[in-house]
Every structure is written in C-alpha cells, then in structure tokens.
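Enquirer: With the sequence up front, the predicted model follows.
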Amino acid sequence: MSHREVICRAPVHEDRGDRSRLSATISMPDEDQEIWFEGPAAHLADRTAPDAFALAVLLPAMRVADHLVIEAPISPALRANLEHLQDVESMWWPDRLRRVTIDAATLEPPPTRGSGTAAFFSGGVDSSYIVLTERERIDALILIHGFDIALDDTELRLAASRHIGEAAADLGLELVEVVSNLRDFSTAYAYWLDDYHGLALACVGHALGATFGHAFIASAILRDRPGPHGLHPVLIPMFGSDRIDFSVPDEGVPRLDKIAVVSRSEIALRHLRVCWQTPGAYNCGTCSKCLGTKVGFLLAGAPGSLDRIATLDSDVSLEAVAGISFTRGMHNLAQANYERAVAIGADPGLVAALRTPLERMEVDEARERISRDLALALASPTAAELVAEHRDLLFATLWGRHPAWTLRRTVTDLPRKVVGKAASLLGR
Ligand SMILES: [Zn+2]
C-alpha cells in the first residue's frame, strides 16, 4: 500500500500595522495549499500558532492520507486531544475518515493558559443568548469572516462588521474580527456542518491564543443526540490545548427559552442575524430559518418583541409558514414551535400552518420507509404470489411510468429490433 502523508509546515507570522497574518503551507498528497488567519496584531498567537494549523489539518489528513507530519511543536494537551478526536471521528465516519499516525513534537515547557474569555458571536439567537447570560465572564466577542459569511460577500461582511461592532460597543465588549480561508480550504476534504464547523471555530480560538484562555461556542445540539455533528458537545472539549479551552454554555437550553431571553434585550433586537441561506442579506425574512425565528418570537418572545427586531421584518404569512420546507436540522425547531403554539392556545390558523410542513415531512419519511421495506418484501417468496395476484395493476402502473422500460423487460418473444423500435417511438 502506498504511503500518503500530509505535512503541516511551520506557520509564518507577518505584521501588517495593527493587523497580523498567520499562515501555513499544507502539503497535501497531490498539491500544496495555504491556510491563513488575519486578525488584530495584539491577539494573534505566535508561540502557540501551530496549534491552529495542526487541528485544521487533522480531518483532511484522515480523509486522504495515512500519516500526518506537523513540523512545528504543538501544545501537549492538544497533541493528546488529536488522538481523542481521531477515536470519535473514525467511529462516526468509518468509510470516510481513517486513523492516521501523527508525527508531532510538543512544546516544552507547555504553554500557560491565557487569561481572557471570548465568545464566538454571529448575532444569532444561540450566540446572543450566551453573550446575554454570560456577560460578566466575557471580555471580547469574536466575529469571523469566511465561515457562515462568505469571503467574497462584501455587502454582508460590511453589514455584519457594522452591526456586530455596534452590539459589542453597546455591551462594553471588545470586538475581535478575524478573516480566514479555512472554510474554503476544508470544502475539498470535509462536510462543514457535519464535521468541520465547530473544529474551525476552535482553530480561530487557537490563532487568537495570545490572549484568550477560554472561549464559548454556541451549539444547539444536545449531548444525547447521536452524532455525527460538527458542533456535538462531546467534541468541544477535545478542541482545546494547554493555552485555550472551549465550552458550550447553552447546552440543553431549548431555542424558545433562548428567544425569551434574547427578546428582552434591545441590543440583541437591533442586531439579530439568523439567516444563513441568502448571500448579501443580513436576514432574508423568507427562508425556513428566518420564518421559524419570527414564529419563535411570536410564540415565546416578550410582547411586541417581533415588531422591535430592527433587522428582520415581522410578516408571518400563514401561507409561507405552511409552505416551509426544512432540512433535518431545522425539524426540531419547527416541532418546538408547533408544540408551543398548541400549548399556549395560539391562533388555530397558525397552529394548522405550523402543522402542515411537519405532516409533509412525516409523509416523506413514511414513503422512504415503505420503499425500503418493499425492496425487502420483493426478495421474499411471498412476492411472487403478490405479483401474480396484482399483475394487471403492476403492469398498468409500470406502463404509465416507464413504457419503454416495461416493454423491453416484459416482452420477450418479439425480435429485439421490433422492441427497440417500439421503445424509441414511446420516447423513453
Ligand atoms: Zn433567511
């Protein structure tokens, strides 16, 4: 078997006035790539910078190689955590991520813990809840350009800088803005939400390790939910080093309870940002996340709070709510909205509209299950009996759907040429 390795070169630290840039060349088996972080000079780590890159390349190495070389020494605690992460990720993704051997020296003496506490902040419900409830413990907010805000989305980047900057100033907190290409680097090797998102936040934390010893990461995922998930609470402590560690202070708090807290903060209402589907838009107001959040404020927010969100319209059209199609991740939020609406005796029209997409999802799931079970049933001896009994119905259905295929597969005593001609006339 050929030996494939990934080499993480020693990072380069460049000062550019009050901003600095940390970068490292990553030699993947087929090409060299660069990962970079740019941020305030006062915060960007020097001695512990290799930690950010070592963590960033772990999953890509597990995806494409069997050996990982980290050229600069890293934190001993992170070195141990890389092995714990390999245990979890290789169990979650046995077909995609395999253990690698790691060649990495450790820092001697180990780095000491930073003193400040930061919170990753996007303006969303989860991170706003953390900032409002943990305000006394937080020194700074971290806003990242290049993760859920695309690097080339200039309009959204400007709006986010302005809103989050004002929120930080109003809260009396420092705002640390970091720009990075880490997400762009990761897309060839990892799934952002399923396995990379949380780890990428931690990489930014390590890049900022010059000052912060602790950082809060928001996660709507519950510990008892089976993985995999990139922000799963069991993973978060494994992202830490001797210098900085990470925790999820909002773990287990239902989103509607967070909305109840956020809805009482005029600062949060002025800068709320929940949309992650529409380029350029701070909040589009119409995607499943925007609509679900508006309904959440209507059901659980302080009276009138929905109208006071400066960054999101207050339209809750029942037709739009009934028409929402959501991904699996959004299903829990939709279910919670529906259950709360029933519990508080909300307007029957709204209750019905909230129930509609949930029912549609149940039907889709049932159809998937039946189709799976049908494949098993057709392989059994009773299938022959069933087919014989319902021959006419089966033929009519197949003919209606796939006439050419049905003709080819069922007519066996006509010459192939005749069947082929007929099939081509049928057009399919
Ligand atoms: Zn939206």
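Expert: Received, thanks. Residues are numbered from 1 along each chain as shown.

Enquirer: How about the secondary structure of the spatially most central residue of the chain?
Expert: In the chain, the centroid-proximal residue (C-alpha atoms, centre = their mean) is residue 193; its distance is 2.6 Å. Classification of residue 193 by DSSP: H, G, I helix; E, B strand; the rest coil places it in helix.

Enquirer: Could you do residue 82 as well?
Expert: Residue 82 - assigned by three-state DSSP - is helix.

Enquirer: quick one: pLDDT of it?
Expert: Residue 82 is assigned 98 on the pLDDT scale.

Enquirer: Look at it and say how many residues are nearby.
Expert: 20 (other C-beta atoms under 10 Å). For every residue, glycine as well, the C-beta is placed using N, CA and C.

Enquirer: what sits against it?
Expert: Residues near residue 82 by C-beta atoms under 8 Å, 6 or more residues apart in numbering: 54-55, 58, 102, 104.

Enquirer: just residue 333 next, same as before
Expert: Contacts for residue 333 (C-beta under 8 Å, 6+ apart) come out as 255, 292, 296, 326.

Enquirer: Closest to the ion out of those?
Expert: residue 292 (9.6 Å; C-beta to the ion).

Enquirer: so how many other residues sit close to the closest one?
Expert: Residues within reach of residue 292, counting by other C-beta under 10 Å, total 21.

Enquirer: Show me what the host helix or strand of it is packed up against.
Expert: Using DSSP states H and E, the element containing residue 292 is helix 288-300. For helix 288-300, the packing partners by 3 or more C-beta pairs under 8 Å, 6 or more residues apart in numbering; DSSP states H and E come out as helix 255-262, helix 305-308, helix 318-322, helix 328-343, helix 348-378.

Enquirer: The same query, at a cut-off of 7 Å, please.
Expert: helix 255-262, helix 305-308, helix 318-322, helix 328-343 (3 or more C-beta pairs under 7 Å, 6 or more residues apart in numbering; DSSP states H and E).

Enquirer: which of these is buried the deepest?
Expert: Of those, the one with the most neighbours on average (mean count of other C-beta atoms under 10 Å) is helix 255-262, at a mean of 22.

Enquirer: I'd like to know the average pLDDT value across that helix.
Expert: Rounded mean pLDDT across helix 255-262 is 96.

Enquirer: Could you identify the helix or strand that succeeds it?
Expert: helix 266-271.

Enquirer: so how far is that next one off the chain centroid?
Expert: How far helix 266-271 lies from its chain's middle: 24 Å, per C-alpha atoms, centre = their mean, to the nearest Å.

Enquirer: Now that helix: buried residues?
Expert: Buried residues in helix 266-271, counted by 16 or more other C-beta atoms under 10 Å: 267-271.

Enquirer: What of stretch 121-135?
Expert: In stretch 121-135, counting by 16+ other C-beta under 10 Å, buried: 121-132.

Enquirer: what does stretch 359-379 give?
Expert: The neighbour-count check on stretch 359-379 (16+ other C-beta under 10 Å) flags residue 361 as buried.

Enquirer: pLDDT (mean, whole number) over it?
Expert: On average, stretch 359-379 scores 82.

Enquirer: Put the alpha carbons of that stretch into PDB.
Expert: Provided in PDB are the C-alpha atoms of stretch 359-379 (Å, rounded to 0.1, in the frame of the first residue of the first chain):
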ATOM      1  CA  GLU A 359     -47.000  16.400   8.300                       C
ATOM      2  CA  ARG A 360     -45.400  16.700   4.900                       C
ATOM      3  CA  MET A 361     -42.100  15.600   6.400                       C
ATOM      4  CA  GLU A 362     -43.900  12.600   8.100                       C
ATOM      5  CA  VAL A 363     -45.400  11.500   4.800                       C
ATOM      6  CA  ASP A 364     -41.900  11.800   3.100                       C
ATOM      7  CA  GLU A 365     -40.300   9.700   5.800                       C
ATOM      8  CA  ALA A 366     -43.100   7.100   5.600                       C
ATOM      9  CA  ARG A 367     -42.700   6.900   1.900                       C
ATOM     10  CA  GLU A 368     -39.000   6.300   2.300                       C
ATOM     11  CA  ARG A 369     -39.600   3.600   4.800                       C
ATOM     12  CA  ILE A 370     -42.200   1.800   2.800                       C
ATOM     13  CA  SER A 371     -40.000   1.900  -0.300                       C
ATOM     14  CA  ARG A 372     -37.100   0.400   1.700                       C
ATOM     15  CA  ASP A 373     -39.300  -2.300   3.200                       C
ATOM     16  CA  LEU A 374     -40.800  -3.000  -0.300                       C
ATOM     17  CA  ALA A 375     -37.400  -3.900  -1.600                       C
ATOM     18  CA  LEU A 376     -37.000  -6.400   1.200                       C
ATOM     19  CA  ALA A 377     -40.500  -7.800   0.600                       C
ATOM     20  CA  LEU A 378     -39.900  -8.300  -3.200                       C
ATOM     21  CA  ALA A 379     -37.000 -10.500  -2.400                       C
END
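
Enquirer: Pull the residues that contact stretch 162-180.
Expert: Stretch 162-180 is contacted from outside by 36-40, 43, 118, 121, 123, 131, 135, 138-146, 161, 204, 207-208, 267, 271, 273, 282, using C-beta atoms under 7 Å, 6 or more residues apart in numbering.

Enquirer: And for stretch 273-282?
Expert: So stretch 273-282 is in contact with 122-125, 148, 150, 153, 155-156, 159-160, 163, 283-284, 287, 289-290, 293, 311, going by C-beta under 7 Å, 6+ apart.

Enquirer: Pull out the buried residues from that stretch.
Expert: In terms of neighbour count (16+ other C-beta under 10 Å), stretch 273-282 has its buried residues at 273-276, 281-282.

Enquirer: Could you tell me which strands sit next to the strand or helix carrying residue 38 in the sheet, and their orientation?
Expert: In this assignment (DSSP H and E), residue 38 forms part of strand 32-40. Strand 32-40 pairs in its sheet with strand 19-27 (antiparallel), strand 174-180 (antiparallel), by DSSP bridges.
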